[in-house]
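>>> show me how the following folds:
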Amino acid sequence: MKKAIVFALMLLQAFVLVAQEDEPHFLLPPKKLQVGGFGGVITEFSAFKGRFAVFTGGGGAILINRCFFLGAYGSGLASEMTFPDIYPFDHNPVSNPKLPLYENLTYTFSHGGLWTGYSFEANRVFHMGMSFRVGGGEVSLVDPNRADRYQFALAKDNIVVIQPEVNIEVNVVRWLRIRGGAGYRFVGSLDNLSYTAFDGSNRNFYTTSDFNSPYANVAFLFGSFGAKKPKTIIN
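Have a look, this model is predicted:
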């Protein structure tokens, strides 16, 4: 997790340096403060357990001066990812072979929390931005053939997720902004839960390398991203 924090701070510093100009700029200009909001959907593409995976979710935030936002997000694994069979603890394929305790298991992985970011020169049609997501979540295993699979999930483990990200944004119309992003997902706080594999060895259900991965995403955000046209008064 230390690497995640250092990476996020370096990313923030780089954008601050790029954004600096001769004239001073302020996050919240004292003369005119515009407060709005937006919400939208996010589709994310990354690796999970070394395999291609799709995550879906969304979020909403308060938007200040059309550039700084602060809100919340949620995301979950949409791809079906299978897990190997789990055997009894005393299973040995040669000396003491036993049938698996659990078969046909799949992963569930969801997380949510704080979502914040900044758009540079947000009045331009195409512009850059950055965002940062940090939250908590849960990973577990379920049998997709059981109707009550979520009530009887196995190997539940609470996790912490950090996702720094850089963005390219497009102002399509005043109420729609499309954002493409790239970043890295850091996951920590795993409990090192273990199981017995087919060969009788003891293995961890999850490792950080299963979750940590670069990713790309696309978001469709709906809100107020531009100043309204003044009303024309006809005498």
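>>> what's the average pLDDT for stretch 122-136?
Stretch 122-136 carries an average pLDDT of 95.
>>> can you list contacts of it?
Outside stretch 122-136, the residues that touch it by CB atoms under 8 Å, 6 or more residues apart in numbering are 8, 11-12, 15, 66-67, 73, 111-121, 158-171, 179, 181, 183, 225-226. The way it works is simple: take the backbone N, C-alpha and C, and place the C-beta from them, glycine included.
>>> return the set of buried residues in it.
In terms of neighbour count (16 or more other CB atoms under 10 Å), stretch 122-136 has its buried residues at 122, 127-135.
>>> how about the CA coordinates for it, as PDB?
This file holds the C-alpha atoms of stretch 122-136, laid out as PDB (Å, rounded to 0.1, in the frame of the first residue of the first chain):
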ATOM      1  CA  ALA A 122     -12.500  22.000 -18.600                       C
ATOM      2  CA  ASN A 123     -14.100  24.600 -20.900                       C
ATOM      3  CA  ARG A 124     -12.200  23.100 -23.900                       C
ATOM      4  CA  VAL A 125     -13.900  20.400 -25.900                       C
ATOM      5  CA  PHE A 126     -10.900  18.000 -25.400                       C
ATOM      6  CA  HIS A 127      -9.000  18.300 -22.100                       C
ATOM      7  CA  MET A 128      -7.000  16.400 -19.600                       C
ATOM      8  CA  GLY A 129      -7.900  15.400 -16.000                       C
ATOM      9  CA  MET A 130      -7.000  13.200 -13.100                       C
ATOM     10  CA  SER A 131      -9.000  11.300 -10.600                       C
ATOM     11  CA  PHE A 132      -8.500   9.200  -7.500                       C
ATOM     12  CA  ARG A 133     -10.700   6.500  -6.000                       C
ATOM     13  CA  VAL A 134     -10.100   4.900  -2.600                       C
ATOM     14  CA  GLY A 135     -12.500   2.600  -0.800                       C
ATOM     15  CA  GLY A 136     -13.300  -0.700   0.800                       C
END
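>>> inside strands: which ones of the contacts of stretch 122-136?
Mapping those onto strands (DSSP state E) picks out 73, 111-119, 158-171, 179, 181, 183.
>>> write the ChimeraX selection for whichever of these are buried.
Those of those that count as buried under 16+ other CB under 10 Å are selected in ChimeraX with:
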select :73,111,112,113,115,116,117,118,119,159,160,161,162,163,164,165,166,167,169,171,179,181,183
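>>> show the pLDDT at the nearest residue to Asp85 once chain neighbours are set aside.
Nearest residue to Asp85 in three dimensions, chain neighbours excluded: Pro100, at 3.8 Å (CB to CB, 6 or more residues apart in numbering). With respect to pLDDT, Pro100 scores 94.
>>> Gly60 now?
Note on Gly60: pLDDT of 96.
>>> what sits against the nearest residue to Tyr73 once chain neighbours are set aside?
Setting aside the residues directly before and after it, Tyr73 is nearest to Gly59 in space (CB to CB, 6+ apart), at 3.4 Å. Residues near Gly59 by CB under 8 Å, 6+ apart: 39-40, 42, 71-74, 115.
>>> ok, Asp77 touching Gly57?
Slight slip there: residue 77 is Leu, not Asp. No: checked against CB atoms under 8 Å, the pair Leu77 and Gly57 is beyond contact range at 9.9 Å.
>>> ok, now how distant is Glu121 from Gly129?
Glu121 is 9 Å from Gly129, where distance means CB to CB, to the nearest Å.
>>> and what of Gly76?
24 Å.
>>> mind telling me what element Gly210 is part of?
You called it Gly, but residue 210 is Asp. Taking DSSP states H and E as the definition, Asp210 sits inside helix 208-211.
>>> what do you get for Gly59?
For Gly59, the host element (DSSP H and E) is strand 51-64.
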